[in-house]
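**Q** pasting the sequence and the predicted model now:
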Amino acid sequence: MSGRAAAPLAAVAPPDAVRSSLEGKLGSSPEDGAEHRQGGPPPQGSTPLKEAGIDRAPTLSLLHMLPAWAALVACETLAQAAMKAGGEGLAGLPFGAAFLRAALAEPWVIVGALGYLGSFAAWMAILDKVPLSRGFPMSAVVALAIVAAGVLGFGEAVGPARGAGILLILAGLVVMGNEAT
């Protein structure tokens, strides 16, 4: 992290070179900011992006976010698998204060908590660039990785119904991934 807070795009004025190149592309009536470009007050609700005809910042394609998506899948899968392993070490303890003390002393539970911290950071990076309505459904890929971890790490079986569900999730991911932003 750089230590400085990121300014919202609407609060950042474009450099003079960009501003001058935009002047010819923007309308010339006072309602659309001509007075502001000539030194007058900006129109109410005006931002440099709106003056340039951009209603919102562009979103990056999912491919550009591959490192964050990979971190999300890896950290969330690690967290779930570690919690499963830690939970097996707590078998037989009734839920309560003694259970919580034992869980906090269980190394796998600590690894799981660190995995959740990593997945939180990756998810925040994703949500910074991807609309929630697109990012959250795409996060279903995590469920597929967790099923694979259950099969490979814990010997869990995948029956026909679960297999069909996995195929439906994959089909949904393909459809969502091909959707225009």
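**A** Yep, it's here.

**Q** give me the helices and strands touching the strand or helix carrying residue 144, please.
**A** Element membership for residue 144, per DSSP states H and E: helix 141-154. Applying 3 or more C-beta pairs under 8 Å, 6 or more residues apart in numbering; DSSP states H and E, one finds that helix 141-154 contacts helix 66-88, helix 160-177. Placement of C-beta: from N, CA and C, glycine included.

**Q** please identify the buried residues of it?
**A** If you call a residue buried by 16 or more other C-beta atoms under 10 Å, then helix 141-154 has these buried ones: 141, 142, 143, 144, 145, 146, 147, 149, 150.

**Q** residue contacts, the third one?
**A** For residue 143, the contact set (C-beta atoms under 8 Å, 6 or more residues apart in numbering) comprises residue 169.

**Q** and the first one, by the same measure?
**A** For residue 141, the set of contacting residues under the criterion of C-beta under 8 Å, 6+ apart consists of 69, 73, 173.

**Q** look up the closest residue to the second one, ignoring the ones flanking it.
**A** The reference is to residue 73. Using C-beta to C-beta, 6 or more residues apart in numbering and skipping the chain neighbours, the partner closest in space to residue 73 is residue 145 (5.0 Å).

**Q** wait, that neighbour touches residue 77, no?
**A** Yes: with contacts counted by C-beta atoms under 8 Å, residue 145 reaches residue 77, the gap being 4.4 Å.

**Q** which pLDDT value goes with the residue nearest to residue 80 when sequence neighbours are not counted?
**A** In space, and not counting its chain neighbours, residue 80 is closest to residue 146: 4.9 Å by C-beta to C-beta, 6+ apart. pLDDT, the model's per-residue confidence, is 92 for residue 146.

**Q** got it, and residue 2?
**A** 45.

**Q** so where's the protein shaky on pLDDT?
**A** 1-43, 45-63, 179-181 (pLDDT under 70).

**Q** can I see the domain layout of it?
**A** 9-51, 66-177 (automatic domain parsing).

**Q** return the most buried member of those.
**A** Highest mean neighbour count of the domains of the chain: domain 66-177, a mean of 15 (counted as mean count of other C-beta atoms under 10 Å).

**Q** quick one: terminal-to-terminal distance for that domain?
**A** Its first and final residues considered, domain 66-177 spans 12 Å by C-alpha to C-alpha, to the nearest Å.
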